[in-house]
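**Student:** Here you go, sequence then predicted model.
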Amino acid sequence: MYVLVALVNIATRFWVMHMRKCLIAGNWKLNGDHTLCEQFAGTAFPTKPSLDIVICPPTVLLQSMHQLVKKYSNCLHLGAQDVSVEAQGAYTGEISAKMLHEAGAQYCIIGHSERRANFAETNEKVAIKMTHLLKANVSPIICVGESREAREQQQTLAVIEAQLSPIKAVLQQQAVSCAQIVIGYEPLWAVGSDRPASPEQAQQVHQHIRQLMTDVPDVDALRIIYGGSVTAHNSAALLAMPDIDGALVGGAALSIDSFLGLLPAV
Ligand code: PEP
């Protein structure tokens, strides 16, 4: 009897794990133009029920890329790279979650390490941004990750826990399903460095993140994607890990060939 229960549990876990659609998101950062939008929108990306492909161009290109994607009936989803911490009002230069939604964004990156380092994005601000996005029907891609020093001092998991703490509190308070969010694990030392985390290093942190989020609804539906120098050479090994549900890609998302090369085969 016990063996049967254990087998059912293992089978259920396996099934749930494979229910999570792989998500590959390209973050163009402060790069790209209308020509690159045309190239991506005009490319026949593989349409698979198990794969979501998201492109995050600079905000000013979102709306025209949205039109192009519709024109070419392309399967791409669109995402933004940041959102205002405010919902509306006298905040010159800011873009709200509702505006992003209207421009065609289904996803939005928040808490990227570059914004944390250069634009004082705190864990608390990331949680507020998440709340606005969820209200506007935009899925947040919440980035977390440790510095090289933190890793060397065995502080990786503590840093991730602190970054996720306000996020988790909001999700619990508002009973938000994990299916509505994505977490991006992006170790700072791997981003833009050509030195990605090994699949085992990334898996260890992803597994820990899933454990951390266990008391949030639908944790098995939580997609945790890895970012940091993902290319065609390392994506298959990373994506083969049980808790790695996709990739957040910077440099390799700036050309069709390099981006196509890293998409999963299945
Ligand atoms: C990023 O900045 O989100 C990123 C993952 O960049 P890269 O792929 O270039 O390391």
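**Tutor:** Perfect, thanks for sending it. Computed from a prediction, not measured in an experiment: that's the story for all the values here.

**Student:** Just give the closest residue to the residue in the stretch 151-266 of the chain that the ligand sits nearest to, not the sequence neighbours.
**Tutor:** Residue of the stretch 151-266 of the chain nearest the ligand, by CB to the nearest ligand atom: Gly250 (2.3 Å). The way it works is simple: take the backbone N, C-alpha and C, and place the C-beta from them, glycine included. Nearest residue to Gly250, sequence neighbours excluded (CB to CB, 6 or more residues apart in numbering): Asn27, at 5.3 Å.

**Student:** hang on, isn't Ser235 packed against Pro264?
**Tutor:** Yes - look at Ser235 against Pro264 with CB atoms under 8 Å: they come within range, at 7.1 Å.

**Student:** the more surrounded of the two?
**Tutor:** Taking other CB atoms under 10 Å, Ser235 and Pro264 do not tie; Ser235 has more neighbours (23 against 17).

**Student:** who are the neighbours in contact with that one?
**Tutor:** Applying CB atoms under 8 Å, 6 or more residues apart in numbering to Ser235 gives the contacts 247, 262-264.

**Student:** 10 Å - rerun?
**Tutor:** 24, 196, 226, 244, 246-247, 249, 252, 261-265 (CB atoms under 10 Å, 6 or more residues apart in numbering).

**Student:** From these, which land in helices?
**Tutor:** 261-262 (DSSP state H).

**Student:** Most widely separated two among the contacts of Ser235?
**Tutor:** Pro196 and Ala265 (18.9 Å; CB to CB).

**Student:** Neighbour count for the two, which is higher?
**Tutor:** Pro196 (24 against 8).

**Student:** and the closest residue to that one other than its chain neighbours, how far is that from Leu30?
**Tutor:** In this structure, Pro196 finds its nearest non-sequential neighbour in Ser229, 4.1 Å apart by CB to CB, 6+ apart. Relative to Leu30, Ser229 is positioned 18 Å away (CB to CB, to the nearest Å).

**Student:** Can you show me the helices along the protein?
**Tutor:** Under DSSP H, the chain gives helices at 2-19, 34-41, 59-71, 97-103, 113-118, 123-135, 148-152, 156-173, 199-212, 235-239, 256-262.

**Student:** Could you save the ones you listed as a markdown table and add columns showing mean pLDDT and distance to the ligand?
**Tutor:** Shown next, in a markdown table, are the helices of the chain (pLDDT from 0 to 100; distance: least, CB to the nearest ligand atom, whole Å):
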| stretch | mean pLDDT | distance to the ligand |
| --- | --- | --- |
| helix 2-19 | 51 | 23 |
| helix 34-41 | 97 | 16 |
| helix 59-71 | 97 | 16 |
| helix 97-103 | 98 | 18 |
| helix 113-118 | 97 | 7 |
| helix 123-135 | 98 | 15 |
| helix 148-152 | 98 | 14 |
| helix 156-173 | 97 | 15 |
| helix 199-212 | 98 | 12 |
| helix 235-239 | 98 | 11 |
| helix 256-262 | 97 | 10 |
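
**Student:** coming back round to it: ok, the residue nearest to Pro196 - contacts?
**Tutor:** 187, 189-197, 249-252.

**Student:** can we see that at 8 Å?
**Tutor:** 190-196, 251.

**Student:** Spatially nearest residue to Thr43 (excluding sequence neighbours)?
**Tutor:** Setting aside the residues directly before and after it, Thr43 is nearest to Ile256 in space (CB to CB, 6+ apart), at 5.4 Å.

**Student:** That neighbour: neighbour count?
**Tutor:** 14.

**Student:** so it touches Gly42, yeah?
**Tutor:** No - the criterion here is CB under 8 Å, and Ile256 misses it with Gly42 at 9.2 Å.

**Student:** can you tell me which residues contact the residue of the stretch 1-150 of the chain found nearest the ligand?
**Tutor:** At 4.7 Å from the ligand, Asn27 is the closest residue in the stretch 1-150 of the chain, using CB to the nearest ligand atom. By CB under 8 Å, 6+ apart, the residues touching Asn27 are 56, 81, 109, 112, 227, 248-250, 253.

**Student:** Please read off the pLDDT at it from the model.
**Tutor:** Listed pLDDT for Asn27 reads 98.

**Student:** And Val144, by the same measure?
**Tutor:** You'll see Val144 listed with a pLDDT of 98.
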